[in-house]
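> Here's my sequence, what's the structure:
(one chain, ligands or ions: 1)
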Amino acid sequence: MPAKTTLDDDRALPVEAVTPLIRGVAVLRRLTEAGGTLSASGLERSTGLARSTVDRITSTLARMGYVRLDGRDIALAPRVMELGNAYLAALGLPALLSSHADALADELDESVSLAVADRDGIRFIHQATRRRAMSLSFRIGDLLPAERTAPGPLFATEWTEPEWRAWRERRAKDPEDRGFPAAPWQVHSSSDEDFERRAARARRDGWALDDQLIEPGLVAMAVPVKDPRAGGRIACVVSVVSHTSRHTAADLRETLLPRLRTAVTEMERTLREAPQPRPAHTPAGLATWTGASKQELGREFVESLARGLTVLTAFGEDRAELTLTDVANATGLARATARRALITYEHLGLVRQSGTRTFTLTPRVLSLGYPPLSRTTLSQIATPHLAELADRVHESASLAVLTPSAEEVQYIARAATSRVMSVNITVGTRLPAYATSLGRVLLADRPSDDLRLPPGVPGALRPLTPHTITDPTALTAVLAEARTRGYALVDEELEAGLRSVAVPVRDRTGQVVAALNVAMHAARRSVEECVRDVLPELVETAGRVEGELAVAGRFGGVAVA
Ligand code: PHB
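Numbering: from 1, shown residues only. Purely as a prediction, here's the structure:
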């Protein structure tokens, strides 16, 4: 009975479909549509599932790191982006074309996006956003109705008659575009014939416009990128997006079309010259961890859901098309189990058969949590981990970055304990880098032939306490040591009675992007205890933040705050 409400349409459920997987997918989609967070009762209402089922599904997703249970609320968590990442990696286009789109956005000083066709909608796979005030901007994974966009008419040039029919039926059934939660609400103001005419023109011209169809003031111009490897079919569409305060739709075409076309020619060359997919390293045993979680959590862990979700992560770069055997090998699932998961996903429109024996992910995989998280920041990623760390060590924990001059650190996230400390620190606080553990970890990361202190710092080595290191040579040695050891400990150099220890936080390329510390009163723990008891907790927390940052940053930059 609940299966009905969790399905997208009325087609009969295949007998082999895995019900918990259908329900788990429904929970992820409802959370996504709601902007990332819902209460358990909100989920109960929107999925039609019983409360006990919602609880078991969300505790399973929490174990996977896909959601966070936050009091009564259930919130999508960064790891869920590994599902969308699997699609984007398998697609390969973001890796090949994003830098072209970013360069075009820089050159034109306008937003540029890449979108793929998703049935009768368009779905964004990259956004180079220069959006100023006054218009909303769409996120990676957002789906818009084709007829209200610039890319839509271009994709429609490839629609078959049944696809046109499905589009007309959808329009008639959903006149307010309720099936497109990212699209600003609107009753259809243009007719079916309008779109058919736009598609005919797009075929003739090779470009298309959106003159405020999706939102008042927003104008967009689009050109398709043809894939020479796929018989010249449209791989994706590039849009330049502006606002009527800067460009009318007509002058977008007159002034920017030539440069958009040049960029598309370069993108097509990149696709033509891209290396053939190599046989990639095959992941193994993606699903083997689930048994232990089942043992531990019992009824609160729905193993068939966890196992089913790992099937999506079996796809990836150079693993765009997999056979049932490939999926079984990668996940460690029995063939019959992997097959039932694939049948379920096919039914849900998340997987399609790409050949007689191969399966591939569809853009709809991006509807599983991606858009609300695609703009997550480092401070949002770190905050729950800082709270857990502060809880475990009973001291306050903070995350900070270096200011551009490298003279100060600036706090970007913090979890304070109730213990009163004389240093009054909040997010935004700046402290001298040279005298803080956070600053030392960050300064120590500069290139080894550049362990010289940043300009401005030597002159600013003021003694803040009798212990402050103020000799540049001594400080350079301390930084070198911090680098070798992987942590910095500062003992009463910033403030009498204050001791702190910090470790670096690295992005997926290994670059240090922030520092994480625990600060405490010197009377609470000796230096030795600090290293023995607090440092391992810091290292572990940094690892968790780094893990989530790597997932969230795979196909887009993660802003600091
Ligand atoms: C966008 O990238 O935000 C965009 C692209 C095409 C449209 C509308 C918006 O038609």
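> contacts, neighbours, all on C-alpha from now
Noted.
> Same question for stretch 474-492: list its buried residues.
For stretch 474-492, a neighbour-count test (16 or more other Cα atoms under 10 Å) marks 475-476, 478-483, 487-492 as buried.
> What about Gly71, how many residues nearby?
Other residues within reach of Gly71, judged by other Cα atoms under 10 Å, total 8.
> and Arg299, what does it touch?
Applying Cα atoms under 8 Å, 6 or more residues apart in numbering to Arg299 gives the contacts Arg56.
> how near is it to the ligand?
43 Å (Cα to the nearest ligand atom, to the nearest Å).
> on that earlier part again, out of the buried residues of stretch 474-492, name the ones that lie in strands.
If you go by DSSP state E, the buried residues of stretch 474-492 have 488-491 in strands.
> Make CSV from those and add pLDDT to it.
As requested, these are exported to CSV (pLDDT from 0 to 100):
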residue, pLDDT
Ala488, 98
Leu489, 98
Val490, 97
Asp491, 96
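> from the stretch 451-561 of the chain, which residue is nearest to the ligand?
Proximity of the stretch 451-561 of the chain to the ligand (Cα to the nearest ligand atom) peaks at Gly556, 14.9 Å away.
> and the closest residue to Val503 other than its chain neighbours, what pLDDT?
In this structure, Val503 finds its nearest non-sequential neighbour in Tyr487, 4.6 Å apart by Cα to Cα, 6 or more residues apart in numbering. With respect to pLDDT, Tyr487 scores 98.
> heads up, I number from 224, so please use that
I'll keep to 224 as the first residue from here, and by that count the last item is Tyr710.
> can you give me the helices in the stretch 374-523 of the chain?
374-379, 384-396, 415-428, 472-474, 480-496, 513-520 (DSSP state H, counting those that start in this stretch).
> mind showing which ranges of this protein have poor pLDDT?
The model of the chain has pLDDT under 70 over residues 224-233, 354-358, 641-646, 671-683.
> Contact residues of it facing the ligand?
Contact residues, the chain versus the ligand (Cα under 6 Å from any ligand atom): 336, 360-361, 372-373, 433, 443, 462, 464.
> Dump these to a markdown table, plus neighbour count and distance to Gly288.
A markdown table is the format used below for the residues of the chain next to the ligand (neighbours: other Cα atoms under 10 Å; distance: Cα to Cα, whole Å):
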| residue | neighbour count | distance to Gly288 |
| --- | --- | --- |
| Ser336 | 26 | 29 |
| Ser360 | 15 | 27 |
| Phe361 | 19 | 25 |
| Thr372 | 25 | 35 |
| Ala373 | 30 | 36 |
| Asp433 | 23 | 39 |
| Ala443 | 29 | 37 |
| Ser462 | 27 | 34 |
| Val464 | 26 | 35 |
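> Sort out for me which of those are in strands.
336, 433, 443, 462, 464.
> which residues touch the fourth one?
Contacts for Ser462 were tallied using Cα under 8 Å, 6+ apart; they are 335-337, 373-374, 443-446.
> just the second one next, same as before
When the contact criterion is Cα under 8 Å, 6+ apart, the partners of Asp433 are 371-373, 441-444, 472.
> count of residues packed around Val783?
When neighbours are defined as other Cα under 10 Å, Val783 has 16 of them.
> Quick check: it touching Thr600?
Yes: proximity of Val783 to Thr600 meets the contact threshold set by Cα atoms under 8 Å, at 5.5 Å.
> give me the residue from the stretch 524-673 of the chain nearest the ligand.
Pro594 (12.9 Å).
> Mind telling me what element that residue is part of?
Element membership for Pro594 (DSSP states H and E) is helix 593-596.
> Now do the buried residues in the following helix or strand past that helix.
Using DSSP H and E, the helix or strand that directly follows helix 593-596 along the chain is helix 601-616. Across helix 601-616, burial judged by 16+ other Cα under 10 Å covers 601-610, 612-613, 616.
> for stretch 770-782, same thing?
Quick answer for stretch 770-782 (16+ other Cα under 10 Å): 770-779, 781.
> rewinding a little: show me the contact partners of the helix holding Pro594.
Identification of contacts with helix 593-596 by Cα under 8 Å, 6+ apart yields 255, 258-259, 299-301, 303-304, 307, 362-365, 775.
> These in helices, which ones?
Counting by DSSP state H, the contacts of helix 593-596 place 255, 304, 307, 775 in helices.
> ok, back up a step: report how many residues lie close to the residue of the stretch 524-673 of the chain closest to the ligand.
For Pro594, using other Cα under 10 Å, the count is 24.
> now do Arg452
14.
> Now it. Nearest residue, chain neighbours left out?
Arg495 (6.8 Å).
> show me what contacts the one you found?
450-452.
> now do Pro502
Taking Cα under 8 Å, 6+ apart, one finds 541-542 in contact with Pro502.
> Phi and psi next, for it.
Note on Pro502: its backbone torsions stand at phi -60, psi 110 [degrees, to the nearest 10].
> That one and the ligand, how far apart?
On the measure of Cα to the nearest ligand atom, Pro502 and the ligand end up 33 Å apart.
> Please tell me how far that residue sits from Leu545.
11 Å (Cα to Cα, to the nearest Å).
> tell me the SS of Ala340?
strand (DSSP: H, G, I helix; E, B strand; the rest coil).
> Quick check, it in contact with Gly364.
No: contact criterion Cα under 8 Å: Ala340 and Gly364 do not qualify, at 11.6 Å.
> Show me which of these two is the more surrounded one.
Neighbour count, other Cα under 10 Å: between Ala340 and Gly364, Gly364 has more, with 29 against 23.
> Could I get the contacting residues of the more buried one?
The neighbours of Gly364, taking Cα under 8 Å, 6+ apart as the test, are 346-348, 589-590, 593-594.
> can you pull out the strands in the stretch 424-573 of the chain?
Listed in chain order, the strands of the stretch 424-573 of the chain (DSSP state E, counting those that start in this stretch) span residues 431-434, 441-450, 456-466, 545-546.
> Please identify which of these is closest to Thr693.
strand 456-466 (52.1 Å; Cα to Cα).
> what sits opposite Ala620 in the beta ladder?
Residues in a beta bridge with Ala620, per DSSP bridges, are Ala638, Val741.
> how many other residues sit next to Glu477?
10.
> do Tyr657 as well
Other residues close to Tyr657 by other Cα under 10 Å number 32.
> Same check on Ser628?
11.
> Let's verify it: helix, strand, or coil?
coil.
> Distance of it relative to Ala338?
When distance is defined by Cα to Cα, Ser628 is 38 Å away from Ala338.
> what's the spacing between the residue nearest to Leu528 when sequence neighbours are not counted and the ligand?
Spatial nearest neighbour of Leu528, excluding adjacent residues (Cα to Cα, 6+ apart): Leu244 at 4.7 Å. The gap separating Leu244 from the ligand is 32 Å, by Cα to the nearest ligand atom.
> before we move on, the earlier item: could the strands of the stretch 424-573 of the chain go into CSV alongside distance to Ile566?
Shown next, in CSV, are the strands of the stretch 424-573 of the chain (distance: least, Cα to Cα, whole Å):
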stretch, distance to Ile566
strand 431-434, 37
strand 441-450, 29
strand 456-466, 26
strand 545-546, 13
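> mind checking which of the ones you listed is nearest Thr536?
So among those, strand 545-546 is nearest, using Cα to Cα, at 11.5 Å.
> Show me what that closest one is packed up against.
Where contact means 3 or more Cα pairs under 8 Å, 6 or more residues apart in numbering; DSSP states H and E, strand 545-546 is packed against strand 581-584.
> who touches the strand it packs on?
Contact partners of strand 581-584, identified using Cα under 8 Å, 6+ apart, comprise 310, 313, 535, 538, 543-547, 573-577.
> same deal with stretch 630-650?
Stretch 630-650 is touched from outside by 602-603, 605-606, 609-610, 613-614, 617-626, 651-657, 661-662, 677, 679-680, 743-744, 783-784, with contacts defined as Cα under 8 Å, 6+ apart.
> how about 7 Å then?
The contact list for stretch 630-650 (Cα atoms under 7 Å, 6 or more residues apart in numbering) reads 602, 606, 609-610, 613, 617-626, 651-656, 662, 679-680, 784.
> Turn the buried ones among those residues into a named PyMOL selection, would you?
Of the contacts of stretch 630-650, the buried ones go into a single PyMOL selection, burial set by 16+ other Cα under 10 Å:
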select buried, resi 602+606+609+610+613+617+618+619+620+621+622+623+624+625+626+653+654+655+656+662+680
